[in-house]
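Participant: Using only what follows, build the 3D model:
(2 chains)
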Amino acid sequence: MIAEMAHIFLTDAREIPTPARAEEHADYFAMLVGRVRAGDALAFERIMLATEQRVVSIAWRMLGNRDDARDATQEVYLRVFKYLERFRIGEDFRGWLYRITINVCHDFARKRASTGAVPLSEIDIDQEGVVFEGRLSGDSPESRALHGQQLALVRLALLSLPAKERAALVLRDLEGFSTEEVANALGSRPVTVRSQVSSARGKIKTYCDKLLRQRGGSR
Amino acid sequence: MRAWNCKRMARVISLYVAGDLVGPPERKAATHLAACEYCRRTAGEFSKSNRMLLESSALPEFGSEFYTGIRSAVLGEIKHQQLSRRSPFGGRWIYATSIAVAIIAGGILLQHHRTASKTPDDLAFNAVPPVSGGLKAVDPSPSPRQSKLTTQASHRKIAVRNADAQVTDRVARANASETMPSSNKIGRSVLESGRLPGTATSSPSGLGSTPEVSRIEIRTSDPNIRIIWLAPVPPRSFEPTNHDQIPPETGDRKQETSCQ
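Facilitator: Reported below is the predicted structural model:
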């Protein structure tokens, strides 16, 4: 029944016109927020449709697996709905949304850290659908398997970074945000973001160098 | 323009590789890399690790069912929350009603406690008619000391309360003659005593085993101080010739101060 209801909502929510230009997005989200505050459920559905892919992407990269990403995304939108009254019209809605996303991911990661580290099997690179680079297509199956393992280890290295550095690196390098956008989402200054990103890149490089040396030694 | 050394370059090389440097810092970094083989190799390693990171974090295809499931769950939860919020018996109303009921009940209990504390604790003092005409009725409001009487003393009071018609003046006089204080501090003493049989037939409260009680009330020179003597009386002591066998010092003495 809930699925049917959601389908009805989706059908109607898609009828809300989307902005044609990027600069109209702020007004568009402000309008949707106003309608949600007035009790319009379709407007909230429209907000979800417009932002869910980015939220899922951030959550998946921050947490490392599909189930956690799904749960975190649900929690993000429940918090958005709960605290929508606190959102100030005129503020960047997507920055506010991504800040909530990062905070939810931190909560999930903290909860998971209390139960133990992420096992490598949970971030199986093949199951998550990683597309290998073309340069490996001619390699032997053993080389491809080894490369897949190395990518999984890089993901593990990303997940083992400190929370703030991981968030800065994910938003800046993987999601392609500008430094100012990252700073807005994290609630910090651009200088701080640059420092965090630089530190995180250095740690990932050290880890990758180690992996590549091991690979060279094994050949 | 002063060129950067390798140490300075190492701090910003990851930013340069990712294109975060703009303006003069970017030009200085490029100049240094063109001249330094070691830093160029380091920059290449950064590029390689960045590619590996991007490759490992390539977003998988989640499918439309994945997003539909998220939306369904979120909308269902929101609808559930809205329904529970609208319910007149749910959410905050339960807490508010519970707190209001608790406050009202507390007030009623407090009022009841105050009323109960004002009722006479020792009705025996009023129930026993004064033998001597000079006695006044004892103030029915109890002092804090009176509330600490033992169970045995309470039984005696009940017996006294239920047996006011059988007061024997003779025994009272005998008791008074034995217990009359000789101290000069008690200038004008008035004695009142009674012997109160607490048999099963005379006790409506069912306290058939309650012993007979002799009660002596002495008024001292201070009108606010009275000495009340409650003493159990053996059955044999009811005979007129044995009134002197009443044990003199086995009773409970209670000194009461009442403000009149």
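Participant: For burial, what's the neighbour tally of residue 57?
Facilitator: Answering for chain A, as no chain was given. By the criterion of other Cβ atoms under 10 Å in any protein chain shown, residue A:57 has 20 neighbours. All C-beta spots, glycine's among them, are computed from the backbone N, C-alpha and C.
Participant: that answer is for a different chain, and I need it for chain B
Facilitator: 23.
Participant: Quick check: it touching residue A:155?
Facilitator: Yes: shown here, residue B:57 and residue A:155 form a contact pair, counting by Cβ atoms under 8 Å, at 6.5 Å.
Participant: residue closest to the middle of chain A?
Facilitator: residue A:58 (0.2 Å; Cα atoms, centre = their mean).
Participant: what's the helix or strand for it?
Facilitator: Under the criterion of DSSP states H and E, residue A:58 resides in helix A:41-63.
Participant: Remind me what the helix or strand following that helix packs against, helices and strands.
Facilitator: As assigned by DSSP H and E, the chain's next helix or strand after helix A:41-63 is helix A:66-82. With contacts taken as 3 or more Cβ pairs under 8 Å, 6 or more residues apart in numbering or on different chains; DSSP states H and E, helix A:66-82 sits against helix A:41-63, helix A:93-115, helix B:64-86.
Participant: Each with direction, which strands does the helix or strand harbouring residue B:214 pair with?
Facilitator: According to DSSP H and E, residue B:214 maps onto strand B:212-219. Looking at strand B:212-219 with DSSP bridges, its partner strands are strand B:191-196 (antiparallel), strand B:225-233 (antiparallel).
Participant: mind listing what's buried in the longest one?
Facilitator: When neighbours are counted by 16 or more other Cβ atoms under 10 Å in any protein chain shown, the buried residues of strand B:225-233 are found to be B:226, B:227, B:228, B:229, B:230, B:231, B:232, B:233.
Participant: any idea of the mean pLDDT in it?
Facilitator: Per-region confidence: strand B:225-233 scores 81 on mean pLDDT.
Participant: Okay, buried residues for stretch A:172-179 please.
Facilitator: Buried-residue list, stretch A:172-179, by 16+ other Cβ under 10 Å: A:172, A:173, A:174, A:175, A:177, A:179.
Participant: Quick one: neighbours of residue A:68, just the number.
Facilitator: Using other Cβ under 10 Å, residue A:68 has 20 neighbouring residues.
Participant: Look up how far residue A:181 lies from it.
Facilitator: Separation of residue A:68 from residue A:181 (Cβ to Cβ, to the nearest Å): 24 Å.
Participant: try residue B:107
Facilitator: Residue B:107 is 58 Å from residue A:181, by Cβ to Cβ.
Participant: Name the residue in the two with the higher neighbour count.
Facilitator: Per other Cβ under 10 Å, whichever of residue B:107 and residue A:181 has more neighbours is residue A:181, with 19 against 10.
Participant: Mind giving me the packing neighbours of the helix or strand encompassing that one?
Facilitator: Assessed by DSSP H and E, residue A:181 sits inside helix A:179-186. With contacts taken as 3+ Cβ pairs under 8 Å, 6+ apart, helix A:179-186 sits against helix A:93-115, helix A:163-169, helix A:190-218.
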